[in-house]
Every structure is written in structure tokens, then in C-alpha cells.
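Chemist: starting from these lines, generate the structure:
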Amino acid sequence: MSDWPDGRTDDNRSGNRYGQGSDNDRPESARVMRHVQRPSVPPQPRNAPRGAAPRQRRPEPPQYGPGGNGGDAAYDSGYNTGQVYGGNNGRRAGGNGGDGRNDGGRVQGPPPDWRRRIKIGSLTLVVVVLAVSIGTYFWADSKLKREVDLSKVIERPEGGDGTNYLIVGSDSREGMTAEDKKKLHTGSAEGKRTDSMMILHDGSNGPTLISLPRDSNVEIPSFKGSESGKLYQGRGRFTKLNAAYAMDGPELLVRTVEFNTGLRIDHYVEIGFGGFAKIVDAIGGVELDIPKAFKDKKSGADFQAGKQTLNGEQSLAFVRTRYAFAGSDLDRTKNQQKFLAALASQTATPSTILNPFKLYPTMGAGLDTLIVDKDMSLWSLSQMFFAMKGVTGGDGTSMNMPISGSVGGNLVWDKAKVKQLVEQLKNDEKVTVTEN
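Modeler: The predicted structure is shown next:
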């Protein structure tokens, strides 16, 4: 019987049969198995579905021999070398060059494009910030009370460099309850009067804050009635500065300041008692260093010396007190300057600006009670605020209007110094004039 696939016998070899009945005492020689060549798997189409198993061609019968044909095709030993079919050079599916499946058999997409995600996230953040900023701007702008018409002021002086703000603190009790008036020691007087007046000049040589004492002796000039439009001729009458406000409101006050100083006022800002206290409470109080203890029954002030945080009620008492000081109104104006600079400095901080739970109540409290001129914009208002903050800086100056004496209990301005001061402000020069 033949033991070779092609039917050949051992007789076809050299004649030496070993084993299988051979009479030779040497062991049978090892048979040489011809190389079995497995068919290769064709490459997969590029548009094959992701995650799909690779298509494999039905294996053909193995071919033996160098030519790959001949009578050896009928034999298949079934031997497997352990190579994984798939044409990936032995790499597992799901790895580099795999079919998109990971070791767990789940479909794995392409790696995330982090650069694209960051761009989309940044763009979204910018859009949100812009939307909030624009919304806040229009919300704040709608709250401004533009009630003062400076176009009604007649015979105005020429303007100069920089911007001049007239800042007025009135004793208006509008919107205050009986309990509020009692708590804040404001009394219940009808109408409103100016309790403090300041000129803030914002220029290239640093901000300058000049207090105008309410008891300043000034001349009431001719003016046009803010309501009636009637022209009232000046009679050369001298009186206290705050009387101008009581006679015909902000327009006559601006007219009187411009007439007696020669300095053009660009913007007008006024705040009442209630609004002042609300702003302070909204930011959590204002820290002040009070050099000397003082007490005043009329304003309700009762302060010890040293650093302390004042709430709205205490702050109002601090800026209104004058009877406890030897300099009376002049000492009070210095306290007002000191407090307003501290208020501006402590409000314009990241903890307030970047905290919406603090920013919006502060803006709401201030804007609800501010009265400004018709040409005042939010930008101009913010410029005034930051100029006020800079008063205590290296380039800032704060002073009272120079005084030369008094008459009938009213303070008389030093005309020569006032003229020099106004010229420096008009030319936006560094202020060198000092108060007495």
C-alpha cells in the first residue's frame, strides 16, 4: 500500500526502506512536509461601515509545491500557525489600523478634537459675556433720572480742557418712610436743599475735588426760570450758596456756580439722603480711619477714634456732622471728601464688580436715586466715579474753595486764588493753588 499522497512508493526513492517492513536496522528517515501556503485576505474597501467585521474570502484548498499546483492540492494537514487573519500584520482589531473596535468589542469613534472644542467654548463664553454686558448697560441706562436740563442755563462761560462735574448731596427725603427719617436723623422738612456741593475736575494731570461750602457768600445772578422760562434779572444780592438751589433748583445752582467762578460745568450729579445710605449698605459698609472721636446729637453721629466700618446710617451721620467741629462747615466738607473717595475706592474692586450678587444691588441702589443732566451717559458717569476714586491717589488733589474771611456768618471766597485755580482747571494744568 502506498503511504504518499501522490501514490508514490518507497521504491521510487534511493532504495533504502527503513521501517514499514524494511530489513535495515536504521530508523526510518523523517519525511519532509512540503510548505503549505495559505491564501491572503483581500484588502477591505475604504467605504466599509465602521465597526464591521472584515470580509474574508472562502479559503481555497491548499496548494503544495513551489508552483502552487500539481497533484498535491488534495492534501490539507489542517495545521494553523496561530496567525490572526485580517491583514493587519498580527495586530488585534481595534488597535492602530484596526476596524474601529476596542478590546471589549465596543465601537470606538475617532479621538476628540480638543482644539475645536476649546474654540467653540471660548466663542460661547464671549457671546454670553457680551450679551450680559449689553443687557446690563441698557438696564442701568434706563434707571438714570435725566431731569436736569443745562440748556436752560444762560450766559455760560466758555469751556476748557478736561471735564467738570458738579456733585450735589441734597437733603431730599423722597421715598423715605417716617421710620427711615427717624433712624437717619433727617427730620421731616418739606422740599429739598443742598447739604454738600463739590466740583470734580477730571483731566490729564489727575483729578481735583473742590468742596464748595454751603455757607459760601455768593451773588445770585440773572437767570431763566427752569419751569416758567421767565427771565429774572440779577439784583446784586449776596446770599448763601445753597439758597440758589432752594430758589430754582439745579439749573440756578449751576448758573450761580458758573457766574461766581467763571468755570463751565459739563455735568450735574445729585443724590439724596436715602440713596446715599442704600449704596453704603449694598457694598457692605465703608471702612474709615477716624483720627479723633466725636459726637453730634443733631446728625446722630457717635464715633470712636480708629479704623471702623460704617454702615449706611453711620455714614450719613459722618458726612452731615458740622456742629461737633471747630471749623464747622469747612471741617465737614473735608470729611465728605474723605468719605466719598473711600466709597469709590472700596466699590471699584473685583469683589464687587465680578460678583453679580453685590454689583447689581449696588448699581440699583445708586442709580435709583441719582439725578443727572440730560446729556449724562453711563460712560461719563463711570468716568466721574473712577476720577473720584483717584482723588486719594498720587496725582489726585482735594481741597476747599480758598476762603479769605467771612461776612454776616457767610464764608467769603479769596477772589485772587479762585481766579488762579479756575485758570489752572481750564487749561488742565496741575493745581498748585492751596486753600487757606
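Chemist: pull the contacting residues for Ala348.
Modeler: 385-386, 389 (CB atoms under 8 Å, 6 or more residues apart in numbering). Placement of C-beta: from N, CA and C, glycine included.
Chemist: one more time with 6 Å
Modeler: Going by CB atoms under 6 Å, 6 or more residues apart in numbering, Ala348 touches Lys389.
Chemist: distance of it from Lys389?
Modeler: With distances taken as CB to CB, to the nearest Å, Ala348 is found 5 Å from Lys389.
Chemist: give me the mean pLDDT for the helix or strand harbouring Pro361.
Modeler: Using DSSP states H and E, Pro361 sits within helix 356-369. On average, the pLDDT along helix 356-369 is 76.
Chemist: swap in stretch 121-135?
Modeler: 84.
Chemist: same check on stretch 165-182?
Modeler: Stretch 165-182 comes out at a mean pLDDT of 70.
Chemist: next one: stretch 282-290
Modeler: 90.
Chemist: residue ranges in the stretch 201-350 of the chain under the pLDDT threshold?
Modeler: Along the stretch 201-350 of the chain, no part satisfies pLDDT under 70.
Chemist: can you show me the strands along it?
Modeler: Ranges of strands in the stretch 201-350 of the chain, per DSSP state E, counting those that start in this stretch, are 208-211, 217-219, 223-224, 231-232, 238-240, 267-271, 286-290, 294-296, 301-303, 306-310.
Chemist: between those strands, which one is nearest to Lys119?
Modeler: strand 267-271 (42.9 Å; CB to CB).
Chemist: given that closest one, what are its sheet partners and their directions?
Modeler: Here strand 267-271 is paired, per DSSP bridges, with strand 163-170 (parallel), strand 371-373 (antiparallel).
Chemist: format those as a markdown table; extra columns: mean neighbour count and distance to Pro110.
Modeler: A markdown table is the format used below for these (neighbours: other CB atoms under 10 Å; distance: least, CB to CB, whole Å):
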| stretch | mean neighbour count | distance to Pro110 |
| --- | --- | --- |
| strand 163-170 | 23 | 59 |
| strand 371-373 | 23 | 59 |
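Chemist: need those strands in JSON lines with distance to Leu252, can you?
Modeler: Output for the strands paired with strand 267-271, formatted as JSON lines (distance: least, CB to CB, whole Å):
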{"stretch": "strand 163-170", "distance to Leu252": "12"}
{"stretch": "strand 371-373", "distance to Leu252": "14"}
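Chemist: wait, which of the strands of the stretch 201-350 of the chain is closest to Gly405?
Modeler: Among those, if distance is taken as CB to CB, the winner is strand 217-219, at 9.4 Å.
Chemist: ok, the closest one: who's next to it in the sheet?
Modeler: strand 238-240 (antiparallel).
Chemist: for the partner strand, buried residues please.
Modeler: 239-240 (16 or more other CB atoms under 10 Å).
Chemist: contacts for stretch 286-295, please.
Modeler: For stretch 286-295, contacts defined as CB under 6 Å, 6+ apart pick out 280, 302-305, 307, 309-310, 315, 324, 342-343, 346.
Chemist: now do 8 Å
Modeler: Applying CB under 8 Å, 6+ apart, the contact partners of stretch 286-295 are 280, 301-310, 315, 318, 321, 324-325, 338-339, 342-343, 346.
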